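[1] my questions concern the predicted model and sequence given below.
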Amino acid sequence: MPESHYNSLHRLLYTSKSRFSCSEAHVPVEIKGIVAKSFEKNRHRDLTGVLLFINDTFIQVLEGPLSEIETAFEAICCDMRHGNLKLVDMTPVETRIFDEWSMAFVGFDVDPSHLRTNRDLQEVYTIVESDPEKALRQIRGLIN
Amino acid sequence: MPVISCILTEHDLLLVLLAAVMCAIGSFATTRLWRNAVAARQRDRFHWCFLTGVTGGSSIWATHFIAMLGYQTPVPATFDPKLTVISIVIAILGTSLGIALTTSSNRLIARLVGGATLGLSIAAMHFVGMFAYRVDGIVSWDQTYIVLSIVASIGFSVLATFYMTGGRAPAFLSRTNAAVISLILAIVLLHFTAMDAFSVAPIAGLSSGADSGAFSAMAMSVALVALLIVFTGFSSEVIEFRNKTRSEIDLNYIATHDELTGVPNRRKFSEILADRCAKTRDTGAEFSLIMIDLDRFKPVNDTLGHTTGDAVLKRVANRLEHVIRASDFLARLGGDEFAIIALGSTGDRSNVLRLCDRIIDVLSRPFIINGHVIELGASLGVAIAPAHGTTADDLTQSADIALYAAKDAGRSTYKLFETAMADEVQLRRSLEIDLRRALNREEFEVYYQPQVDAKSGDYSGAEALIRWRHPQRGMLSPVVFIPLAEELGLIGPIGNWVLRQACRDAVTWPSHLSVAVNLSPAQMMDRRLPKSVKSILNETGLDPARLELEITETSLIGNDVQALAVLNELRAMGIAISLDDFGTGYSSLSYLHRFPINRIKIDRSFIDRIPTDVDSAAIVQAIAKLGGSLGMKITAEGIENEEQWSFSKTEGCDHLQGYLFSKPIPGSEIGALFDTKDSAERAA
Ligand SMILES: Cc1cc2nc3c(=O)[nH]c(=O)nc-3n(C[C@H](O)[C@H](O)[C@H](O)COP(=O)(O)O)c2cc1C
């Protein structure tokens, strides 16, 4: 394995189901914790990406050097706060699409002002496995 | 007792006590070091002897010195500095030499010469020290006590050496402690006996009892130095002891942990399991044993290399450590095999089963290593003590049986042990043994089920079907033993035997009748298949055009290149190929197109339901039409009544097979059947 490959830019996309052991009311706090921790860790690892939460499902994009992605993904795979994890996509890429975010977060919100966000989230949720390319474009649109 | 009276009357008791404490501590420290000197390897021995000598010599010397401070003389006294220094040098060098001699591999030299040197050093130090003790009075010596003191010193030193060099100590003492006591006695007895030999008479006219302040100041500081030296020796011993325990802990860690993953190894596992089983036998407390086996690990190792395989195992261990609870014990048993002893199950099985779910979940998540995405999975077998075993062996066997059942059930799942599983394994084992012998014992037989022409109803041939006449279990169907034969690698010889027997039988039939023989996927994987078919044809003299080989789609999947090559070779010999059980698997049209297939056999499950079931009827129609347009012959299997016959005939099936015409019959009877039909025809 040439060194260059190991450090080359990759993007990873996976989905998983939340498996929080805490009470329903506490879930937002847990998620906030995950995002904060991820943000901190990713910043040090030159990783960027986004985490979506919709219908009890996490949809996460991670981009960065392959070796760092592998490390972070392994940590994610050791985390029992989610389950039924599905790797949707893992490819070398030319550029980052979330380069300003160590870990952006968008979640479903009951607030009426989020109607459009909720609708878009719902759409990403529906197509993420069948059409990851399109889902990525939508996610990008979501965080602007 | 002059010694005691000497201590009591002529000494300051407090200082005597201090001397005694000094002596005890010094002797203790000395023997610890001495033990190391005796045990040391050659290259370290010199240093240990010297260290012991310094500590031992200073202890002896300090004891003497403190006791002398407590010696009350009626006259003024001082110490001669030169002789005082010489006395400590004698003590250190003499003791070092003595200790060195005690490390000799010759026991006699070690004990007698070494011990005596030690005793003499103590004595020499004492008497030189006494010469350094200057009193303004008339000194006299009693020779008897001098001799007695030296004898006592040598005697107890030899005894101490005896204990240090492996001599048997009294039952209530350890060797080292016995040596400590002997050494203390050697020092103390020498000192006070020798002091009995010493007496001072005041010279008239001189003032008495005038110890100068300088005298005690110097004395105290020298004693302090001695103490420091002794404690230095002590510290070095403590450090050594710590290091030793640490390296013992390290060694223990290495012996009980898996080098690759860092989790406990099989050895530790066996220990914990045996322990836990013993506890269960005593108290009946429940606990669970989970056996974990990775699915699809071998291909990873084979295709991506051992380095990647090792990286996967490390991550597997790490993930497992994340899912287990604090009370669970995880071990790697070797290869891709892990085990968990769930100690804290407290009789709640659902907790353990939930843990199994989590393990299966976490190990089914992908591994990304060097850019490769690796999908594994795990099968788990669970046994619970005491229900499924109370010894380590029984419990392990139960868990293994459950694991086996989990693998059998399609992997990535767990199974809790059940007694029925054990029966199944038992059955399988005995079948395995019997199957290995069946061929030599000629227990296989070939049965034939005739096939007829759909239009005329005339016989067109027969399908050969293997049966196993098991000596105890009676006639066994291939469903029972063929998968086992494939697993055991016996399918090649068995398949060849069936083919040979079928060809032999077929040559005796009327020449327009063909014979169909099944090929298992494992046979198709064998490159030598065309060659063995050819040699069997030559040997039996059957016209290749009368032979039809039946394959299933499974033989083609994931094996296309090889399958295509084999089939082409067979076709080139003039042998027909038919695709069996069509409609049950992928039923991929691309297979029909790509492979040289002459015939499709529609699976009996569709024929069973025609003509009433609309879907089945539609499928039969579609397959018949498709086959027809691709130029293939169609056979309908499992015809049991007239309606099925007429429906299949109308839809375009060429040949039929089923109970309506005949069940499978032994080879000895089929010839007669064909003859009667033929003769009946001829007669008609
Ligand atoms: C849905 C989800 C997304 C996560 N995303 C990340 C991430 O992007 N980067 C990261 O380092 N950890 C992420 N984590 C957290 C890790 O799973 C894990 O908790 C953390 O890295 C462990 O760090 P620690 O071993 O230092 O406690 C995520 C966890 C969850 C449940």
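    In hand now; what should we look at?
[2] regarding the residue nearest the centre of chain A, what is its secondary structure?
    With distances taken as Cα atoms, centre = their mean, A:Gln60 lies nearest the centre of chain A, 1.6 Å away. State at A:Gln60, reduced to three classes by DSSP: H, G, I helix; E, B strand; the rest coil: strand.
[3] isn't it right up against A:Ile31?
    No - using Cβ atoms under 8 Å, A:Gln60 makes no contact with A:Ile31, being 11.9 Å away. Quick note: C-beta positions are derived from backbone N, CA and C, even for glycine.
[4] wait, A:Asp120 touches A:Arg140, no?
    No - using Cβ under 8 Å, A:Asp120 is not in contact with A:Arg140; the gap is 10.9 Å.
[5] higher neighbour count, these two?
    Using other Cβ atoms under 10 Å in any protein chain shown as the criterion, A:Asp120 and A:Arg140 rank with A:Asp120 on top: 18 against 13.
[6] which is the next helix or strand following the host helix or strand of the more buried one?
    Secondary structure assigned from DSSP states H and E places A:Asp120 in helix A:115-127. The helix or strand immediately downstream of helix A:115-127 is helix A:132-142, counting by DSSP H and E.
[7] now the angle between helix A:115-127 and that next one, please.
    Using axes from the mean of the first three to the mean of the last three Cα atoms, to 10 degrees, the inter-axis angle of helix A:132-142 relative to helix A:115-127 is 170 degrees.
[8] same question for helix A:132-142: list its buried residues.
    Neighbour-count burial for helix A:132-142 flags A:132, A:135-136, A:138-139, A:142 (criterion: 16 or more other Cβ atoms under 10 Å in any protein chain shown).
[9] contact partners for the residue nearest to B:Gly489 when sequence neighbours are not counted?
    In space, and not counting its chain neighbours, B:Gly489 is closest to B:Ala522: 8.0 Å by Cβ to Cβ, 6 or more residues apart in numbering or on different chains. With contact set as Cβ atoms under 8 Å, 6 or more residues apart in numbering or on different chains, B:Ala522 has these partners: B:486, B:489, B:491-492.
[10] how close does B:Ala522 get to the ligand?
    According to Cβ to the nearest ligand atom, to the nearest Å, B:Ala522 stands 44 Å off from the ligand.
[11] per-residue pLDDT of that residue, please?
    Predicted confidence (pLDDT) for B:Ala522: 83.
[12] on the three-state scheme, it is what?
    On the basis of three-state DSSP, B:Ala522 is classed as helix.
[13] where along chain A do the strands fall?
    Using DSSP state E, the strands found in chain A span residues A:9-18, A:48-54, A:57-65, A:82-92, A:104-107.
[14] nearest to chain B, out of those?
    Closest approach to chain B among the strands of chain A (Cβ to the nearest Cβ): strand A:82-92, 4.6 Å.
[15] got the contact list for that closest one?
    Here strand A:82-92 makes contact (Cβ under 8 Å, 6+ apart) with A:8-19, A:58, A:66, A:76-77, A:128-129, A:132, B:361, B:365-366, B:368, B:373.
[16] and these near the ligand, which?
    Near the ligand, taking Cβ under 6 Å from any ligand atom as the test, the members of these found are A:58, A:76.
[17] and stretch B:655-675, how far from the chain's centre?
    57 Å (Cα atoms, centre = their mean, to the nearest Å).
[18] from the buried residues of helix A:132-142, which is closest to B:Arg527?
    Minimum distance to B:Arg527 across these is 41.2 Å, recorded for A:Pro132 (Cβ to Cβ).
[19] any idea how far the closest residue to B:Arg266 other than its chain neighbours lies from A:Glu70?
    Excluding its sequence neighbours, the residue lying closest to B:Arg266 (Cβ to Cβ, 6+ apart) is B:Leu333, at 4.8 Å. Counting by Cβ to Cβ, to the nearest Å, the gap from B:Leu333 to A:Glu70 is 27 Å.
[20] tell me the residues of chain A that contact chain B?
    When proximity is defined as Cβ under 8 Å from any Cβ of the partner chain, chain A approaches chain B at A:1, A:5-6, A:10, A:12, A:66, A:69-70, A:73-74, A:77-80, A:83-85, A:87, A:90.
[21] try 6 Å this time
    Residues of chain A lying near chain B by Cβ under 6 Å from any Cβ of the partner chain: A:1, A:66, A:70, A:73, A:77-78, A:83, A:85, A:87, A:90.
[22] closest to B:Asp142 among those residues?
    Lowest distance from B:Asp142 to those (Cβ to Cβ) belongs to A:Cys78, with 84.4 Å.
[23] for B:Asp295, give me its contacts.
    Neighbouring residues of B:Asp295 by Cβ atoms under 6 Å, 6 or more residues apart in numbering or on different chains: B:377, B:379, B:411.
[24] follow-up on the earlier one: name the residues of the helix holding A:Asp120 that are buried.
    Neighbour-count burial for helix A:115-127 [16+ other Cβ under 10 Å]: A:117-118, A:120-121, A:124-125.
[25] what of stretch B:368-378?
    Buried, per 16+ other Cβ under 10 Å, within stretch B:368-378: B:368-372, B:374, B:376-378.
[26] I'd like the average pLDDT over that stretch.
    Averaged across stretch B:368-378, the pLDDT comes to 92.
[27] CA atoms only: put it into PDB for me.
    This file holds the C-alpha atoms of stretch B:368-378, laid out as PDB (Å, rounded to 0.1, in the frame of the first residue of the first chain):
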ATOM      1  CA  ILE B 368     -12.000  -0.500   6.800                       C
ATOM      2  CA  ILE B 369      -8.400  -1.400   6.600                       C
ATOM      3  CA  ASN B 370      -6.000   0.200   4.100                       C
ATOM      4  CA  GLY B 371      -8.900   1.300   2.100                       C
ATOM      5  CA  HIS B 372     -10.400  -2.200   1.900                       C
ATOM      6  CA  VAL B 373     -13.900  -2.600   3.100                       C
ATOM      7  CA  ILE B 374     -14.200  -5.900   4.900                       C
ATOM      8  CA  GLU B 375     -17.500  -7.400   5.800                       C
ATOM      9  CA  LEU B 376     -17.300 -10.200   8.400                       C
ATOM     10  CA  GLY B 377     -19.900 -11.400  10.800                       C
ATOM     11  CA  ALA B 378     -19.900 -13.800  13.800                       C
END
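[28] what's the strand or helix carrying B:Ile184 packed up against?
    Element membership for B:Ile184 (DSSP H and E) is helix B:175-196. For helix B:175-196, the packing partners by 3 or more Cβ pairs under 6 Å, 6 or more residues apart in numbering or on different chains; DSSP states H and E come out as helix B:2-10, helix B:13-39, helix B:42-69, helix B:115-132, helix B:143-164.
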